[in-house]
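A predicted structure for the sequence below; I have some questions about it.
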Amino acid sequence: MGISNSLDELIERSPDLPWLDRASCGELELHQLDLFFVEAGRTIASSTVSLCKKCPVRRECLDHAYQHDIVSGYFGGISPGRRRVLSHAQALAELLGDSPA
Ligand code: SF4
């Protein structure tokens, strides 16, 4: 399995991702999706974090990042740095513990 590292590649694959239809970020313009791909060392906007936190497909988004070895971008509201140190199961537990009831 190759490593996906770019937003363009994610968008190219989007027909295979039916859950994207229900994503909170689905209403954003394409150029706004850069919000999820901040440079290393930069802090993601709190509005972007909030968007992910209430997203109904947050789990699918996180699963996608792990299943496709995506090393950049916020997926499921979990930063690439956190994904590097957490296993898929650990990241999922973090996501579930952080989700609104
Ligand atoms: S969790 Fe965030 S990046 Fe993933 S689909 Fe939802 S809003 Fe988009």
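Received it, and whenever you're ready, just let me know what you need. None of the values given here were measured: they were computed from a predicted structure.

any idea how far residue 18 lies from residue 26?
Residue 18 sits 12 Å away from residue 26, going by C-beta to C-beta, to the nearest Å. Quick note: C-beta positions are derived from backbone N, CA and C, even for glycine.

how about the nearest residue to the most centrally placed residue in the chain, chain neighbours excluded?
In the chain, the centroid-proximal residue (C-alpha atoms, centre = their mean) is residue 75; its distance is 1.2 Å. Nearest non-adjacent residue to residue 75, counting by C-beta to C-beta, 6 or more residues apart in numbering: residue 65, 3.5 Å away.

for the ligand, what are the nearby residues on this structure?
By the rule C-beta under 6 Å from any ligand atom, the part of the chain lying against the ligand is 23-25, 36, 51-52, 55, 57-58, 61, 74-77.

Make TSV out of the residues you listed and add secondary structure.
TSV is the format used below for the residues of the chain next to the ligand (DSSP: H, G, I helix; E, B strand; the rest coil):
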residue	secondary structure
23	coil
24	helix
25	helix
36	helix
51	helix
52	helix
55	coil
57	coil
58	helix
61	helix
74	coil
75	strand
76	coil
77	coil
